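Novice: With the sequence up front, the predicted model follows.
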Amino acid sequence: MHYRKIGQTSLDVSVIGVGTWQFGGEWGMNFTQNQVDQILNQAQLEGINLIDTAECYGDHLSEQFIGDYLKRHKREDWIVATKFGHHFHSVFERTRHVNADEVLKQLDASLKALNTDYIDLYQAHSLTDEEFNNDDLWTMLDKQKQAGKIRYLGISLQNEPSIHQTKTAKSVGVDALQIIYNRLTREPETDIFPIAEQEDLGILARVPLASGYLSGKYKPGNKFSENDVRSRRNKEEQDKLLKMVETIAKEEVPAGIPMATWALAWCLQHPAVTTVIPGCKTPEQVSKNAAAAKLDLVSKDHPQFVR
């Protein structure tokens with residue numbers, strides 16, 4: 001495993017993290033604590049130290065699974081990132097809660113669920129620019145940093161990321177951006193990454209496997225279950241993406257290298273990217289994800305394993 005520092009922080013994170021939206025039950029599977037334990041145990045064996053979660057992956061459910069694990073293991077071995085701004089009501093249903101008082105309650109609820117006294121990276125979760133422009137919110141969060149509840153602040157940008165928030169991040173004490181970036185979603189290379197590099201902001205690339213489309217498991221015509229977030233895409237859009245993936249697999253992924261491993265390494269070759277945070281449902285998937293840390297993309301088309 002390799003490690004990179006997030007921006008100007010003291011957080012040295014593994015270049016592969018563990019995304020945990022799936023623990024909240026919206027990816028076609030309800031997890032048990034034992035299954036989560038196995039995933040996190042394997043992650044630690046692979047040298048992974050970053051866990052990314054959120055208050056609304058279930059009603060703090062993902063955080064609770066992680067917290068149960070942390071209370072039985074060394075908290076200092078892990079860098080825990082979570083988020084604020086939403087409340088989970090049911091599958092795919094959220095309400096937004098972003099004023100300072102509500103966020104402080106969310107913070108305390110997350111600390112309790114995670115069984116920890118501090119959060120390493122506390123991220124604003126898909127705020128609009130209007131919600132972001134709130135001095136009371138950032139003043140409150142700065143006080144929580146001073147109190148030791150938060151080590152560093154981040155912004156998890158919306159699917160169409162805000163240039164305003166990216167440019168303003170440093171002024172409100174933010175050191176990291178979380179953003180969708182993968183072989184199928186390259187827009188950040190043009191607008192967000194240049195600003196992040198100039199401002200020395202860390203980048204956590206979320207959805208690096210394009211919600212599983214770049215896992216290599218799915219073919220055109222595949223159907224997702226109703227309780228799987230991917231079923232929200234219309235059929236035409238699903239098939240278009242899967243046909244693109246077929247072409248990429250044939251033309252860009254070398255023989256003998258799993259597509260998921262290649263796709264993660266592809267993200268990491270961009271100098272702006274600090275780490276990728278793929279989801280995973282099994283320990284085996286964790287290992288395949290971790291293998292990307294050993295894959296050096298000499299070019300986007302001809303990867304080689306580092307000896």
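Specialist: Arrived safely.

Novice: all helices for the stretch 101-250 of the chain, in order.
Specialist: Counting by DSSP state H, counting those that start in this stretch, the stretch 101-250 of the chain has helices at residues 129-132, 135-146, 163-168, 188-191, 193-199, 235-251.

Novice: Just put these in CSV and tack on distance to residue 293 and mean pLDDT.
Specialist: The C-beta positions use only the backbone N, C-alpha and C, and glycine is treated the same way. Shown next, in CSV, are the helices of the stretch 101-250 of the chain (distance: least, Cβ to Cβ, whole Å; pLDDT from 0 to 100):
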stretch, distance to residue 293, mean pLDDT
helix 129-132, 33, 96
helix 135-146, 30, 98
helix 163-168, 27, 97
helix 188-191, 21, 96
helix 193-199, 21, 97
helix 235-251, 21, 87
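
Novice: Grab the nearest non-local neighbour of residue 11.
Specialist: Leaving aside its sequence neighbours, residue 11 sits nearest to residue 79 (Cβ to Cβ, 6 or more residues apart in numbering; 5.6 Å).

Novice: Of all the helices of the stretch 101-250 of the chain, which one is nearest residue 69?
Specialist: helix 135-146 (23.8 Å; Cβ to Cβ).

Novice: What is that closest one packed up against?
Specialist: In terms of contacts (3 or more Cβ pairs under 8 Å, 6 or more residues apart in numbering; DSSP states H and E), helix 135-146 is packed against helix 100-113, strand 150-156.

Novice: Export it to PDB, keeping only CA atoms.
Specialist: These are the backbone C-alpha positions of helix 135-146, laid out as PDB (Å, rounded to 0.1, in the frame of the first residue of the first chain):
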ATOM      1  CA  ASP A 135     -20.600  32.100   8.300                       C
ATOM      2  CA  ASP A 136     -22.400  30.700  11.300                       C
ATOM      3  CA  LEU A 137     -21.900  27.200  10.100                       C
ATOM      4  CA  TRP A 138     -18.200  27.500   9.500                       C
ATOM      5  CA  THR A 139     -17.700  29.400  12.700                       C
ATOM      6  CA  MET A 140     -19.400  26.600  14.700                       C
ATOM      7  CA  LEU A 141     -17.300  24.000  12.900                       C
ATOM      8  CA  ASP A 142     -14.100  25.900  13.600                       C
ATOM      9  CA  LYS A 143     -15.000  25.900  17.300                       C
ATOM     10  CA  GLN A 144     -15.500  22.200  17.200                       C
ATOM     11  CA  LYS A 145     -12.000  21.800  15.700                       C
ATOM     12  CA  GLN A 146     -10.600  23.900  18.500                       C
END
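
Novice: That helix: which residues count as buried?
Specialist: Residues of helix 135-146 classed as buried by neighbour count (16 or more other Cβ atoms under 10 Å): 137, 138, 140, 141, 144.

Novice: who touches that helix?
Specialist: Contacting residues not belonging to helix 135-146 are listed as 98-100, 103-104, 107, 122, 150-153, 172-173 [Cβ atoms under 8 Å, 6 or more residues apart in numbering].

Novice: okay, the angle between that helix and helix 100-113?
Specialist: Angle of helix 135-146 versus helix 100-113, following axes from the mean of the first three to the mean of the last three Cα atoms, to 10 degrees, is 30 degrees.

Novice: now helix 135-146, how far from the chain's geometric center?
Specialist: 23 Å (Cα atoms, centre = their mean, to the nearest Å).

Novice: same question, stretch 281-296
Specialist: Relative to its chain's centre, stretch 281-296 lies at 15 Å (Cα atoms, centre = their mean).

Novice: related to what we said a few turns ago, of all pairs in the contacts of helix 135-146, which one is the farthest apart?
Specialist: 99 and 151 (23.0 Å).

Novice: quick one, which of these two is more surrounded?
Specialist: residue 151 (17 against 13; other Cβ atoms under 10 Å).

Novice: Pull up the gap between the residue nearest to that one when sequence neighbours are not counted and residue 62, please.
Specialist: Among residues not flanking residue 151 along the chain, residue 120 sits closest, at 4.9 Å (Cβ to Cβ, 6+ apart). Residue 120 sits 16 Å away from residue 62, going by Cβ to Cβ, to the nearest Å.

Novice: The two: who's more crowded?
Specialist: residue 62 (30 against 23).

Novice: got the contact list for the closest residue to the more buried one other than its chain neighbours?
Specialist: The spatially closest residue to residue 62, leaving aside those adjacent along the chain, is residue 23, at 3.8 Å (Cβ to Cβ, 6+ apart). With contact set as Cβ under 8 Å, 6+ apart, residue 23 has these partners: 31, 36, 53, 57, 58, 61, 62, 65, 66.

Novice: Ramachandran coordinates for the first one?
Specialist: With angles defined as degrees, to the nearest 10, residue 31 shows backbone torsions of phi -90, psi 150.
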